[in-house]
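>>> Based on what follows, work out the 3D shape:
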Amino acid sequence: MNTEEVPLEPVDESMETTQEESAVEVDDALIGQITDESEGDLRAVLDWYGNELSIARDDRLRALAELSNNQRRAVENEVRVSRAAVAGALRSLLTVSDQLDLALGQDVSAISAEQLAEGVQLAREEFMRVLAELGVERIDPEIGEEFDPQRHEAMLQQPADGIAPGHITMVMQPGFATEHHVLRAAKVAVAP
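Numbering: from 1, shown residues only. Down below sits the predicted model:
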């Protein structure tokens with residue numbers, strides 16, 4: 001650290017400016033005037049700063065263009081992945097359609113109602129297997145289970161012997177959920 005004293009020069013009060021006066025816009029003409037009146041070193045410094053400013057502007061524009069391109073590519077990739085996931089799920093469901101076609105393709109006069117019901121049951125089991133592979137679980141609450149508004153939808157209030165208020169008295173329709181979302185809440189009756 002330099003400990004030499006710096007000699008103080010008298011302050012010329014006419015050189016003092018207010019903030020408004022010092023907020024002069026610097027343009028190329030003013031820079032040219034300053035450099036014409038000064039030595040070549042100042043011109044070199046100003047040229048260097050001007051060059052650096054130009055490079056920084058170019059780098060900023062390139063970075064903004066790259067960011068825009070990355071955002072566009074990310075959106076395109078997201079759409080592509082989403083479409084592929086939907087296609088995979090639909091492809092899995094085609095086996096269920098095939099089994100239903102087989103069941104419905106039977107000669108109705110040659111089979112019994114029990115055989116037709118068995119074919120539909122096989123198609124339903126295949127459908128449930130496909131849903132399980134896709135990460136879908138069935139919401140099938142038990143009678144007497146506490147009502148959960150996140151997984152159940154109360155369709156009506158119905159008293160039942162031995163069931164406390166706020167608990168399920170009847171299941172009207174099962175629900176379905178994935179790990180993170182309830183696709184359809186189970187429709188239930190709840191004890192008042």
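
>>> May I ask you to name the longest helix in the chain?
helix 40-104 (DSSP state H).

>>> what pLDDT, on average, does it get?
Mean pLDDT, computed over helix 40-104, is 89.

>>> Please apply the same query to stretch 175-183.
Per-residue scores along stretch 175-183 average to 93.

>>> can you check stretch 154-170 too?
The model assigns stretch 154-170 a mean pLDDT of 92.

>>> before we move on, the earlier item: tell me what the longest helix of the chain is packed against?
helix 28-37, helix 113-133 (3 or more CB pairs under 8 Å, 6 or more residues apart in numbering; DSSP states H and E). Glycine gets a C-beta too; all of them are placed from N, C-alpha and C.

>>> who's in contact with the residue nearest the centre of the chain?
Centroid-nearest residue in the chain: residue 78, 9.5 Å away (criterion: CA atoms, centre = their mean). By CB atoms under 8 Å, 6 or more residues apart in numbering, no residues touch residue 78.

>>> pLDDT value on residue 27, please?
67.

>>> Let me see the domain layout of this structure.
23-85, 138-192 (automatic domain parsing).

>>> With distance to residue 102 as extra columns, can I get the ones you listed in CSV?
Below are the domains of the chain laid out as CSV (distance: least, CB to CB, whole Å):
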stretch, distance to residue 102
domain 23-85, 28
domain 138-192, 24
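
>>> among these, which is nearest residue 108?
domain 138-192 (28.7 Å; CB to CB).

>>> Compare the mean pLDDT across the helices and strands packed on helix 40-104 and name the weakest.
helix 28-37 (a mean of 63).

>>> quick one on the thing from earlier: so how far is the longest helix of the chain from its chain's centroid?
14 Å (CA atoms, centre = their mean, to the nearest Å).

>>> Hey, what's the angle from it to helix 113-133? Just curious.
170 degrees (axes from the mean of the first three to the mean of the last three CA atoms, to 10 degrees).

>>> State the number of residues packed around residue 175.
For residue 175, the count of nearby residues is 20 (other CB atoms under 10 Å).

>>> bridging residues for it?
residue 139 (DSSP bridges).

>>> Could you report the distance from it to residue 116?
Between residue 175 and residue 116 the computed distance is 28 Å (CB to CB, to the nearest Å).

>>> what's the answer for residue 184, then?
Distance, residue 184 to residue 116, using CB to CB: 27 Å.

>>> coming back round to it: distance of the residue nearest to the centre of the chain from residue 142?
40 Å.

>>> Ok, residue 51 next?
Counting by CB to CB - residue 51 and residue 142 are separated by 77 Å.

>>> quick one, phi psi at residue 141?
phi -70, psi 160 (degrees, to the nearest 10).

>>> Report the contact partners of it.
148, 151, 152, 168, 171, 186, 188.

>>> swap the cut-off to 7 Å and go again
Residue 141 makes contacts with 152, 168, 171, 186, 188, as judged by CB atoms under 7 Å, 6 or more residues apart in numbering.
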